[in-house]
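Trainee: Just the structure for this:
(2 chains)
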Amino acid sequence: MINKLKANWLSIALTIVVIISLFLSGLIWTNPYQYEGARRENVMKSSQQYTAQSMGDVYLPTTVVRTNGRGNQVFLYSTQVSLMREMKNIIRGWQFGRVTTVKSNNSDVYLSYLRRHNAITLSYPKAIPTLVFNETFSQTVNSDQVSQINHIVIPLKGPREVYLLSDHRYGIYRLQVKKGNFKQITKLTKGARGIAVDHKIVNGTTMLTYPKSFTLPVFAFQVANQNIDTLSSNLLSSNQRSNITSSENGDEVVYSSGNNQRLVYHRTNGTVDYESFTNSDDHRSTDQLYSYFYNRLVKTGVQLSNVRFDGTSNHQRRFTYRTFVDGFPIFNEDGYGSIQLMAGSGTERCQMSRYSLQVPLPINQQEVKLPATPEVLNDLHASPHFRDIKGIRVGYLWRADDNNKVVKLTPTYFVWYHGNWVDYEQLLK
Amino acid sequence: MNFKRIQWIFLVAFILFDIIVGCQLLFQNRFTITNNTQSRQSTVLKEMRADSITYQGLSKHQPNAFYISGSRSGDGGTLEQEMAKLHNQTSRFADSQLVSEFDSPIKVNAERPQLRLDQVVRRSRNVPLGDHYQYNAQLSSRREAVYTQMVKNQPVLSSDGQLRFRINRNAQVTGYTQTYLENPTTLQQRTATISQRQAVVWLYRHNQIPNNSQIRWAILGYTKLLTTNNHNQAVYVPTWAVEIKTKTADTVQRLNVNAFNSTIMKSSPDTVNMDSINK
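Mentor: Residues are numbered from 1 along each chain as shown, chains lettered A, B, ... in the order given. I've put the predicted structure just below:
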């Protein structure tokens, strides 16, 4: 026996290492793509505050639409609960089966799925990689089969299936639901308020329009004014312990750390422009940017509870994160309430401001009446800028007052004009 | 011979593969463990025990709560109006507070006054708006039974929504003082707060808990964060109120931690001027 082992020890050893390697490969295979530290709760060093915002909370879909049995659609929002966060918690408990492609390259069929009767549609502001969807909803959808997702359609009646829709080539994918309670979704959306909407496809992209005029409440907030020294050291901090130097130049203060990091603070409007240069050609793929930027976002020290991912631009190298109130985005000319992160070859940039929304304040003002989308488009049609308008959405305007201590948020339409979301009334002037 | 050489090459290649992949997996695991807040918290809890700070089971649950606005019921407000319904007591209303003296004292169980008082509170001829209040064991003492107004299932810990019964040496309730928070309204969607454990750990890390002390309790409730000049409405925030007793000196200290952003609450709330936006 021992002699036999001795004679064949090489083959036996080889078999053992092969089995180990198979086992390890299996481990990697079953482990979905691991984001660096995305799942952990973050404890910030500077102020030692706990933020309960995981990466999944930042990359959530931003709109919930319910379609009834007759095909009427309503945009759902709630003053009491964050519908999307509750949805996330429900869906995280579900188990999906196989993915099958239903159809692609047909916009009519695509729209019919988007307007599917008796269903809830969750939409992202812009396509996100399936890996991010998996991270948010704790799923393992094969990203080779479905590379990006714009909408999630959950039929409330009929077969136990969920559809993933991708605006890119109008891809429709079916997910079998092995385990999941759809009644929880029905229950959650029951108490929500609704505004009549319509899903449309305009110039190859899906759009949400409001066919009737409607009202929205006004909000007031106390504004948090982050200390510029804290903010600059949060942004400039790096592994090397180099000192931060600052120099004043008129209304600008320039902070720099070493030769490769620079931060310009504009005193007049409180905005900050950070840039860093690296010599290495360390090029992050777009998919990697989602987790990388999330970590950068946490480092800024800004309260993330109402901050959501709001799309990419510049060939998916520029990410926008925006503050939302009751499900609606907030816009400001100086970029208050939003954080822009950019990654170029060897450079990285961050644009943000010292100001963020802090404590909601009681304000006893009447709800604001907004016109129907076709009316707004009609008005805009007369304007010379109409040709340059690319998109339209409803949100809240942060109009800064002199001291920037309190702010009133008023609802209005915003149009995508020359790379910015602009209050439509500005263009009518 | 040739076959043996191939076997050798394969063996070496596979061993290398196993080592590299194995190390990567191991490294990855360690990375997530060291960054885990939960485990970091338990190390802090261990440190606390080493500093002889005692506490009873701290919950890891993160309750949901709201920002609430409301104003303390004042002259001509609901509380004063309800006063007219009271019987068998002498009451007056001053400084947004109701003070009442029972004509004949109510006998209660000295250990558990709430057994009798729960019945008293329920009748509007005894106590106005009593069904909005609940007994709070932590805030009560031998000489005072405290009922707190409940807003969205959480007690009001500020003095703006409380009902305090005076208990004399013979375990008799002689009267009460009452305040009432009018029109409590939610200001924003509900949000997860920090857990009881996170609140205590946070206090310890910021040197707010002296060595050799006992954490008697930590409860979640609403505390006034700021007042506004908009009809005197105030904003209330969920806070963890923590009571700490030093074992040597026998002094009791109460600390409030803002449960949304984990900061220590100021003793007097700021006033926010809303004139610029309230036009």
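Trainee: From now on I want contacts and neighbour counts done on CA atoms only, so please keep to that.
Mentor: Will do.
Trainee: Now do the same contact list for residue 19.
Mentor: I went with chain A, as the question did not name one. Contact analysis of A:Ile19 by CA atoms under 8 Å, 6 or more residues apart in numbering or on different chains lists nothing.
Trainee: Now do it against A:Trp29, distance only.
Mentor: 15 Å (CA to CA, to the nearest Å).
Trainee: just B:Ser69 next, same as before
Mentor: In terms of CA to CA, B:Ser69 sits 52 Å off from A:Trp29.
Trainee: neighbour-wise, which of the two wins?
Mentor: B:Ser69 (26 against 10; other CA atoms under 10 Å in any protein chain shown).
Trainee: Could you name the specific helix or strand carrying that one?
Mentor: strand B:68-72 (DSSP states H and E).
Trainee: in the sheet, who's paired with the most centrally placed residue in chain A?
Mentor: For chain A, A:Phe309 is the residue whose C-alpha lies nearest the centre (CA atoms, centre = their mean; 2.2 Å). Assessed by DSSP bridges, A:Phe309 has beta-bridge partners A:Tyr321.
Trainee: That one contacts A:Asp57, doesn't it?
Mentor: No. Contact criterion CA atoms under 8 Å: A:Phe309 and A:Asp57 do not qualify, at 9.2 Å.
Trainee: tell me the contacts of the residue in the stretch 151-279 of chain B positioned nearest to chain A?
Mentor: In the stretch 151-279 of chain B, the residue found nearest to chain A is B:Gln189; the distance is 4.3 Å by CA to the nearest CA. Residues near B:Gln189 by CA under 8 Å, 6+ apart: A:Ser78, A:Thr79, A:Gln80, A:Val81, A:Ser82, A:Asp326, B:Phe66.
Trainee: make it 6 Å
Mentor: Residues near B:Gln189 by CA atoms under 6 Å, 6 or more residues apart in numbering or on different chains: A:Thr79, A:Gln80, A:Val81, A:Ser82.
Trainee: Can you tell me the closest non-neighbouring residue to A:Gln226?
Mentor: Counting by CA to CA, 6 or more residues apart in numbering or on different chains, A:Gln226 lies nearest to A:Arg354, which is 5.0 Å off, once chain neighbours are set aside.
Trainee: Please report phi then psi for A:Val202.
Mentor: Per-residue torsions, A:Val202: phi -120, psi 130 (degrees, to the nearest 10).
Trainee: ok, it - how many residues close by?
Mentor: Other residues close to A:Val202 by other CA under 10 Å number 11.
Trainee: A:Thr245: neighbouring residues, count only.
Mentor: 11.
Trainee: B:Leu98 should be in a strand, yeah?
Mentor: Yes. B:Leu98: assigned to a strand according to DSSP: H, G, I helix; E, B strand; the rest coil.
Trainee: gap between B:Ile219 and B:Ala137?
Mentor: 11 Å.
Trainee: again, but for A:Val415
Mentor: From A:Val415 over to B:Ala137 (counting by CA to CA), the distance is 56 Å.
Trainee: The two: who's more crowded?
Mentor: More crowded of A:Val415 and B:Ala137, by other CA under 10 Å: A:Val415, with 24 against 13.
Trainee: for the chain, which helix is longest?
Mentor: This is for chain A. helix A:9-30 (DSSP state H).
Trainee: Sorry, I should have been clearer: chain B.
Mentor: From DSSP H, the single longest helix across chain B is helix B:2-34.
Trainee: what's the angle between that one and helix A:9-30?
Mentor: 40 degrees (axes from the mean of the first three to the mean of the last three CA atoms, to 10 degrees).
Trainee: In helix B:2-34, which of the residues would be classed as buried?
Mentor: Residues of helix B:2-34 classed as buried: B:Gln7, B:Trp8, B:Leu11, B:Phe14, B:Ile15, B:Phe17, B:Asp18, B:Val21, B:Gly22 (neighbour count, 16 or more other CA atoms under 10 Å in any protein chain shown).
Trainee: and chain B, which residues reach chain A?
Mentor: B:Leu11, B:Asp18, B:Gln189, B:Arg190, B:Ile277 (CA under 6 Å from any CA of the partner chain).
Trainee: Let's check: the centremost residue of chain B is which one?
Mentor: B:Leu220 (1.9 Å).
Trainee: Nearest residue to it in space, please, no chain neighbours.
Mentor: B:Trp240 (4.5 Å).
Trainee: Might one say that that neighbour is in contact with B:Val257?
Mentor: Yes. Shown here, B:Trp240 and B:Val257 form a contact pair, counting by CA atoms under 6 Å, at 5.1 Å.
Trainee: What's the local residue count around the residue nearest to A:Gln226?
Mentor: That count, for A:Arg354 with other CA under 10 Å as the rule, works out to 19.
Trainee: check contacts around it.
Mentor: A:Asn225, A:Gln226, A:Gly270.
Trainee: can you rerun that using 10 Å?
Mentor: A:223-228, A:231, A:265, A:269-272, A:302, A:336-337 (CA atoms under 10 Å, 6 or more residues apart in numbering or on different chains).
Trainee: how does the chain divide into domains?
Mentor: Reading this off chain A. A:57-208, A:223-353, A:361-428 (automatic domain parsing).
Trainee: other chain: chain B
Mentor: Split by automatic domain parsing, chain B gives B:37-67+B:187-272, B:72-182.
Trainee: and the gap between the nearest residue to A:Thr136 once chain neighbours are set aside and A:Tyr173?
Mentor: Using CA to CA, 6+ apart and skipping the chain neighbours, the partner closest in space to A:Thr136 is A:Gly56 (4.0 Å). Distance of A:Gly56 to A:Tyr173, given as CA to CA: 22 Å.
Trainee: picking up where we left off before, find the residues that touch each one of B:Trp240 and B:Val257.
Mentor: Residues touching both B:Trp240 and B:Val257 by CA under 10 Å, 6+ apart: B:Ile194, B:Ala199, B:Val200, B:Leu220, B:Thr223, B:Ile264, B:Met265.
Trainee: got a list of what the last one touches?
Mentor: Contacts here follow CA under 10 Å, 6+ apart; on that basis B:Met265 touches B:Thr223, B:Lys224, B:Leu225, B:Val237, B:Thr239, B:Trp240, B:Ala241, B:Leu255, B:Asn256, B:Val257, B:Asn258, B:Ala259.
Trainee: any idea which of these is closest to A:Leu165?
Mentor: B:Ala259 (38.7 Å; CA to CA).
Trainee: quick one on the thing from earlier: pick out whichever of B:Trp240 and B:Val257 has more residues nearby.
Mentor: Set B:Trp240 next to B:Val257 and count neighbours by other CA under 10 Å: B:Trp240 wins out with 30 against 24.
Trainee: Which helix or which strand is home to that one?
Mentor: strand B:234-246.
Trainee: what is the mean pLDDT for that strand?
Mentor: For strand B:234-246, mean pLDDT is 94.
Trainee: Packing partners of the helix or strand just after that strand?
Mentor: Moving toward the C-terminus from strand B:234-246, the next helix or strand (DSSP H and E) is strand B:252-258. Helices and strands touching strand B:252-258, by 3 or more CA pairs under 10 Å, 6 or more residues apart in numbering or on different chains; DSSP states H and E, are helix B:196-205, strand B:213-228, strand B:234-246.
Trainee: please redo it, this time with the cut-off set to 6 Å
Mentor: If contacts are counted by 3 or more CA pairs under 6 Å, 6 or more residues apart in numbering or on different chains; DSSP states H and E, strand B:252-258 sits against strand B:234-246.
Trainee: Next, the angle strand B:213-228 makes with the strand it packs on.
Mentor: 160 degrees.
Trainee: From the contact counts, what lies against strand B:234-246?
Mentor: strand B:68-72, strand B:213-228, strand B:252-258.
Trainee: The longest one to strand B:68-72, inter-axis angle?
Mentor: Think strand B:213-228. 80 degrees.
Trainee: how close does the closest residue to chain B within the stretch 201-350 of chain A sit to A:Val65?
Mentor: In the stretch 201-350 of chain A, the residue that lies nearest chain B is A:Asp326 (6.8 Å; CA to the nearest CA). From A:Asp326 across to A:Val65, the span is 14 Å (CA to CA).
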